[in-house]
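Asks: Generate a structure from the sequence data that follows.
(one chain, ligands or ions: 1)
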Amino acid sequence: MTRWTRKDLLGLEDLTREELELLLEQAEAFKEVSLRPIKKVPALRGRTVALCFLEPSTRTRASFELAAKRLSADILSFQGSSSSIAKGESVLDTARNIEAMRVDVLVLRHSTSGAAAQVARGVRCSVVNAGDGSHEHPTQGLVDLYTIREKKGRIEGLNVLIVGDILHSRVARSDFWGLTKLGAKVTLCGPPTLVPPAMELLGARISYRLEEVLPQADVVITLRLQLERQQEKYIPSFREYARAYGLDRAKLEKAKPDLIVMHPGPVNRGVELSPEVADGPQSVILDQVTNGIAVRMAALYLVAGAHPRHASEVPEPNPEVAG
Ligand code: CP
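Replies: Okay, the predicted model is just below:
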């Protein structure tokens, strides 16, 4: 049985198949905690988790906070605009100061690719990447793996189609690494300006025509157009994008009847997905959100367990000075 030995969780590219399976098994074990009347286990009692979100987030931030609370950890939460980062302090200096307060796990979201790895090299506490620029979003990748396995019973051999702004998507990268390590066949589809051709060298199939690849898919992961990361115009208009790559009822009629539709959120309704598909019977988008808590409980629990406990570093009371 694989043991978790990594200090940090920075991306899925580095992980082995066994480590991915361990994370998914641990998430499976934690899933029922959220169904209990008292949604709490003492697994991280006495530990402190800092949530440092320097980019907007709804799902990831809320589910990390709930995950830490359900593991009985103490939580320290701050955002860029209300911290000394707004006064020019570097993220690494901020992280070192947070660590000096005996924090065990630092969860970091940052707009720069590689920010979480840079901070992880500079601190002794564990770092969990909650999304770094367009590089990776490992816990969203794990949520997607978990949800696919839950709905389809397996990942090995499935045809998974990822549609949209692959170029700027950290979710697409984490999904690609996780899915291919677990034996899925991954097709990337979008406008030529938003699909990096080099992904073919890594084993992805690439298509620019959704109607050609949708009929073979068992799972379709649609992605948000990352307008905040687009420095130039990559698509002629939202309307043309929606016509070619947006999933609507007419396109779904040509897909397998048991196709599941996923999206990491937030959804641009009417662009990536029509409202009837986003809310329809094949959509598992809210299941992804629910699974986010169990997956993040697993991530926090495993990295905190691999890290020497600050509590165990506290010296035993000396009876000669204890009065
Ligand atoms: N999927 C995701 O990362 O959503 P948030 O930006 O709301 O955290």
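
Asks: What residue in the stretch 151-300 of the chain comes nearest to the ligand?
Replies: Nearest residue of the stretch 151-300 of the chain to the ligand (C-beta to the nearest ligand atom) works out as P264 at 3.7 Å. Heads up, the C-betas are built off the backbone N, CA and C, glycines and all.

Asks: how much space between that residue and S57?
Replies: As judged by C-beta to C-beta, to the nearest Å, P264 and S57 stand 11 Å apart.

Asks: What ranges does the stretch 101-250 of the chain have for its helices?
Replies: For the stretch 101-250 of the chain, helices defined by DSSP state H, counting those that start in this stretch occupy the ranges 115-122, 138-152, 170-181, 210-213, 238-245, 249-252.

Asks: Can you pick out the residue with more neighbours from P264 and S57?
Replies: P264 (27 against 17; other C-beta atoms under 10 Å).

Asks: which residue sits closest to the more buried one, ignoring its sequence neighbours?
Replies: Among residues not flanking P264 along the chain, V171 sits closest, at 4.7 Å (C-beta to C-beta, 6 or more residues apart in numbering).

Asks: Give me the neighbour count for the one you found.
Replies: 28.

Asks: Contact partners for it?
Replies: Taking C-beta atoms under 8 Å, 6 or more residues apart in numbering, we find V171 in contact with H137, Q140, G141, D144, I221, L223, P264.

Asks: what does G280 give?
Replies: Taking C-beta under 8 Å, 6+ apart, we find G280 in contact with R249, L252, V261.

Asks: And those, which of them are buried?
Replies: Buried members of the contacts of G280, counted by 16 or more other C-beta atoms under 10 Å: L252, V261.

Asks: Distance to the ligand added to the contacts of G280, as JSON lines?
Replies: Formatted as JSON lines, the contacts of G280 follow (distance: C-beta to the nearest ligand atom, whole Å):
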{"residue": "R249", "distance to the ligand": "24"}
{"residue": "L252", "distance to the ligand": "22"}
{"residue": "V261", "distance to the ligand": "15"}
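
Asks: Adding distance to A27 and pLDDT, write the contacts of G280 out as TSV.
Replies: Shown next, in TSV, are those (distance: C-beta to C-beta, whole Å; pLDDT from 0 to 100):
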residue	distance to A27	pLDDT
R249	32	96
L252	29	97
V261	21	98
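
Asks: Which single one of the contacts of G280 is nearest to T94?
Replies: Closest approach to T94 among these (C-beta to C-beta): V261, at 38.6 Å.

Asks: The closest one - that's part of a strand, no?
Replies: Yes: according to DSSP: H, G, I helix; E, B strand; the rest coil, V261 belongs to a strand.

Asks: Contact partners for it?
Replies: Contacts of V261 (C-beta under 8 Å, 6+ apart): V220, T222, L247, L252, L273, V277, A278, G280, Q282, S283, V284, I285.

Asks: at 6 Å instead, please
Replies: Neighbouring residues of V261 by C-beta atoms under 6 Å, 6 or more residues apart in numbering: V220, Q282, S283.

Asks: Pop out the phi and psi values for R224.
Replies: Main-chain dihedrals, R224, degrees, to the nearest 10: phi -70, psi 140.

Asks: should've said V49
Replies: phi -110, psi 130.

Asks: Isn't it up against A67?
Replies: No: contact status for V49 versus A67: not in contact, 8.5 Å apart, counting by C-beta atoms under 6 Å.

Asks: Run through the residues of the stretch 1-150 of the chain sitting next to the ligand.
Replies: Contact residues (C-beta under 6 Å from any ligand atom) of the stretch 1-150 of the chain with the ligand: S57, T58, R59, T60, G131, H137, Q140.

Asks: ranges for the strands of the protein?
Replies: Secondary structure of the chain, counting by DSSP state E: strands at 48-53, 74-79, 105-110, 126-132, 159-163, 185-189, 205-207, 219-222, 260-262.

Asks: mean pLDDT for those: which is lowest?
Replies: Note on the strands of the chain: lowest mean pLDDT is at strand 74-79, with a mean of 91.

Asks: That strand pairs with which strands, parallel or anti?
Replies: As defined by DSSP bridges, the strand partners of strand 74-79 come to strand 48-53 (parallel).

Asks: Tell me what angle the strand it pairs with forms with strand 105-110.
Replies: 0 degrees (axes from the mean of the first three to the mean of the last three C-alpha atoms, to 10 degrees).

Asks: what stretches of this protein score poorly on pLDDT?
Replies: For the chain, the stretches with pLDDT under 70 are 228-232, 307-323.

Asks: Domain-wise, how is it divided?
Replies: By the assignment in automatic domain parsing, the chain contains the domains 17-135+288-310, 138-284.

Asks: that older thread, output the helices of the stretch 101-250 of the chain as JSON lines; include the columns distance to G164.
Replies: Output for those, formatted as JSON lines (distance: least, C-beta to C-beta, whole Å):
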{"stretch": "helix 115-122", "distance to G164": "23"}
{"stretch": "helix 138-152", "distance to G164": "14"}
{"stretch": "helix 170-181", "distance to G164": "8"}
{"stretch": "helix 210-213", "distance to G164": "10"}
{"stretch": "helix 238-245", "distance to G164": "6"}
{"stretch": "helix 249-252", "distance to G164": "14"}
